[in-house]
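Peer 1: the following block contains a protein sequence and its predicted model.
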Amino acid sequence: MNEQLAILGGPMTISPNEAKFNWPRITTDLEMAVTKQLHKSISIYDHSGILKEFEDDFSNYHERKMGLLFNSGTSAIYAMYKGIELGPGDEVICPTYTFFATVSPLMSTGARPIFCDCRMDGNIDPAEIIRKITPKTRAVMVTHMWGIPCDMDIIQNICLQNNLVLLEDCSHAHGASFNGKKVGTFGAAAAWSLQGQKIITGGEGGILLTDSDNIYYRALSLGHYNKRCHQEIPTDHPLSVFAQTGFGQKFRAHPLAIAIARQQFGHLDEWIKQKSIFAGNILDELKKCSFLSMPVCSGVQPSWYALVMLFNEKAAHGVKLGKFIETLHAEGLVEVDLPRSTGPIHGLPLFRSPEQVFPELYQYEPVEAAMFDNADKFYNTAIKIPVWAFSDDDAIVNAYIKGFKKVINVVENYPGCLY
Ligand SMILES: *Cc1c(COP(=O)(O)O)cnc(C)c1O
């Protein structure tokens, strides 16, 4: 039973229009949530309304004391770094395989990122963290890449033993958990992006959770001011004198964005469940493939922000990754993607030459050309597909499985026609 590949003139597996991943899904419920908020308020000055509702829902879901919304995930991450009072001379251990905004806000503090390689699941390697600790290390930042939780037991222990602040970037991992404990609950603070592509989205937005009053008041003062600061910072706290102005910046979230995010958040658990079913089907169907390695997720509940598999050219009888992707695209599987804007980030000019951007914070320091073999390998072989979240997406998911199997069969048995 050999169907001719579309790239060689055969029939497509699915029409490209049907094969798209549209996120978020615009339902009447979502439209109503926005309209309702539009009539209520489009700017909220204090801790009230839709902003407070979302912060309360989100922090209760994670069993954390306080939540603070921002206009982006990047601002929320910046607020974590400012919240723990980093400055020149401090070092923060960070992953190199991540989206750059995990680390870029650090460069406004004067602290230096110390990059770590990843494991072959894309997540920061705990052994690397241990190797990179110096007397200057203040904190460890992790990203739960593509929604698969990092090894939080070990990382939490490393931080405890070395008196380091643990921070989490959960922007890929809304609702994910490690050994039954939600990501975003392991460290001193955690941040989530609510940007348009993310599982819980407001189009733009971000949120920070913490149990620490000090982190919270600093994060609040950083990007909020006046009413909300007066309302929340106790008068005996040293930051209360700055309440009128905050620290001079404004990072407040837009109520319409948060109305969207709140409506979406109500579906998170159901989406994770459905995504897990689809991801399970895909893994079951493709696990026998001789040249793709699939994510292993024992003891963790991923959020399935995406499903990332690694391509082994040698095992694919020399068929090139680019050709494999081209062949899948020709089948109509248009969402198969090589994630190019995510990691490794250590070589980016902002991290190598911060003194050119922030001469008041950094002095020139030669940065040795570091080698991060796993991050390079992961980056160069990663294939990403979306994981659909609605039960009525089963036809698309099945078409992706069918298309993959059709191409895999040819690569395994007749690779010559793809050279
Ligand atoms: C999206 C994202 C960010 C940045 O969030 P924005 O809301 O776009 O500012 C940071 N880290 C990771 C891992 C992300 O995926």
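Peer 2: Yep, that arrived.
Peer 1: from this protein, which residue is nearest to the ligand?
Peer 2: Nearest residue of the chain to the ligand (C-beta to the nearest ligand atom) works out as G73 at 2.6 Å. For every residue, glycine as well, the C-beta is placed using N, CA and C.
Peer 1: may I see the buried residues of stretch 359-371?
Peer 2: L361, Y362 (16 or more other C-beta atoms under 10 Å).
Peer 1: repeat for stretch 345-363
Peer 2: I345, H346, L350, F351, P354, L361, Y362.
Peer 1: domains in this protein, by residue range?
Peer 2: 6-23+268-342+374-418, 28-266 (automatic domain parsing).
Peer 1: which of those is buried the deepest?
Peer 2: domain 28-266 (a mean of 20; mean count of other C-beta atoms under 10 Å).
Peer 1: average model confidence for it?
Peer 2: Domain 28-266 carries an average pLDDT of 98.
Peer 1: swap in stretch 276-290?
Peer 2: The model assigns stretch 276-290 a mean pLDDT of 98.
Peer 1: next one: it to chain centre, how far?
Peer 2: A distance of 22 Å separates the centroid of the chain from that of stretch 276-290, by C-alpha atoms, centre = their mean, to the nearest Å.
Peer 1: equivalent analysis for stretch 209-228, please.
Peer 2: That offset, for stretch 209-228, works out to 23 Å (C-alpha atoms, centre = their mean).
Peer 1: sorry, back to before: residues touching the closest residue to the residue of the chain closest to the ligand other than its chain neighbours, list them.
Peer 2: Spatial nearest neighbour of G73, chain neighbours left out: S193 (2.6 Å); criterion: C-beta to C-beta, 6 or more residues apart in numbering. S193 makes contacts with S72, G73, T74, A76, A101, S171, G205, G206, as judged by C-beta atoms under 8 Å, 6 or more residues apart in numbering.
Peer 1: gap between S193 and N71?
Peer 2: 11 Å (C-beta to C-beta, to the nearest Å).
Peer 1: who touches both of those two?
Peer 2: Taking C-beta under 8 Å, 6+ apart as the criterion, S193 and N71 both touch G205, G206.
Peer 1: so F115, which of the three states?
Peer 2: At F115, secondary structure determined by DSSP: H, G, I helix; E, B strand; the rest coil is strand.
Peer 1: quick one: it and A370 touch, right?
Peer 2: Yes - under the criterion of C-beta atoms under 8 Å, F115 makes contact with A370 at 6.5 Å.
Peer 1: what do those two both touch?
Peer 2: T96, H346.
Peer 1: show the subsequent helix or strand relative to the helix or strand harbouring G280.
Peer 2: Using DSSP states H and E, G280 sits within helix 268-286. Note on helix 268-286: by DSSP H and E, the next helix or strand toward the C-terminus is strand 292-293.
Peer 1: picking that back up, check the contacts of S193 and tell me the two furthest apart.
Peer 2: Pairwise distances among those were taken by C-beta to C-beta; the largest, 13.5 Å, belongs to A101 and G205.
Peer 1: joint contacts of the two?
Peer 2: In contact with both A101 and G205: G73, S193, using C-beta under 8 Å, 6+ apart.
Peer 1: got the residues of this protein near the ligand?
Peer 2: The chain has residues 72-74, 98-99, 101-102, 143, 169, 171-172, 193, 195, 206 near the ligand, with proximity defined as C-beta under 6 Å from any ligand atom.
Peer 1: check contacts around the residue found closest to S276 once you drop the neighbours it is linked to in the chain.
Peer 2: Of all residues not flanking S276 in the chain, W304 sits nearest, at 6.5 Å (C-beta to C-beta, 6+ apart). Contacts for W304 (C-beta under 8 Å, 6+ apart) come out as G147, I272, K275, S276, F278, A279, V387.
Peer 1: nearest to E335, of these?
Peer 2: Distances from E335 to these, taken by C-beta to C-beta, are shortest for V387, at 10.3 Å.
Peer 1: hmm, N281 and the closest one touching each other?
Peer 2: No - taking contacts as C-beta under 8 Å, V387 lies outside contact range of N281: 10.2 Å.
Peer 1: and the strands in the stretch 201-350 of the chain?
Peer 2: 206-210, 292-293, 300-301, 307-311 (DSSP state E, counting those that start in this stretch).
Peer 1: so which elements touch the last one?
Peer 2: If I follow you right, that is strand 307-311. Under the contact definition 3 or more C-beta pairs under 8 Å, 6 or more residues apart in numbering; DSSP states H and E, strand 307-311 sits against helix 268-286, strand 292-293, helix 373-381, strand 382-385.
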